[in-house]
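[1] got a structure for you, letters missing:
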């Protein structure tokens, strides 16, 4: 396989040819690939949660960049105090909404899959920044809570969080496997 090199100048950009490695070289042999997992639950709107989380994060960064010039403008007399206080309240509201949404989104399970090679269950959630985080757990360490609402809970032994999923709005792909792994009666 040919090594990728970066051009030393802008005139050399057209001469560089990038080659994508074959698919089998993208996966590390020690980590299980996504192809060998049997997905039995998926929350279809997790992508919308990711978009909302990232847009709130970008909005907070934008507010953080705009507040110092607004403060300088206020101290020089070019901006009224009510406008500056409104900007600070909006930034505080954005921060509080980002923190509360991230608290919820990091606990919602986007995908549950069974890995037959290792006998583990993969729980996929979002991180604070909206990236995917996979947690590998033995099925014996999953303790489903007796919630009957829209969001049901799963506690993982040795983990401080209670993860949430929904059989009403989520897509249950293999009900039998899900009932067996989570020991559900309904």
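    Here it is on my side, so go on. Since the structure is predicted, the reported quantities are computational estimates derived from the model, not experimental observations.
[2] Let me know the pLDDT of the residue nearest to the spatial centre of the chain.
    The residue lying closest to the centre of the chain (CA atoms, centre = their mean) is residue 126, at 2.1 Å. Residue 126 carries a pLDDT score of 88 in this model.
[3] show me the contacts for the residue located most distally from the centre of the chain.
    For the chain, the largest distance from the centre (CA atoms, centre = their mean) belongs to residue 77, which lies 43.2 Å off. If a contact means CB atoms under 8 Å, 6 or more residues apart in numbering, then residue 77 has no contacts. In short, each C-beta sits where N, CA and C put it, glycine included.
[4] what helices or strands is the helix ranked longest in the chain leaning on?
    In the chain, with assignment by DSSP state H, the single longest helix is helix 46-75. For helix 46-75, the packing partners by 3 or more CB pairs under 8 Å, 6 or more residues apart in numbering; DSSP states H and E come out as helix 81-105, strand 120-126.
[5] Quick one, which of those gets closest to residue 149.
    helix 81-105 (14.4 Å; CB to CB).
[6] Tell me how many other residues crowd residue 114.
    When neighbours are defined as other CB atoms under 10 Å, residue 114 has 20 of them.
[7] Other residues contacting the helix or strand hosting it?
    Assigned by DSSP states H and E, residue 114 falls within strand 111-115. Residues outside strand 111-115 that contact it (CB under 8 Å, 6+ apart): 32, 36-43, 46, 120-124, 136, 139, 165, 177-178, 181.
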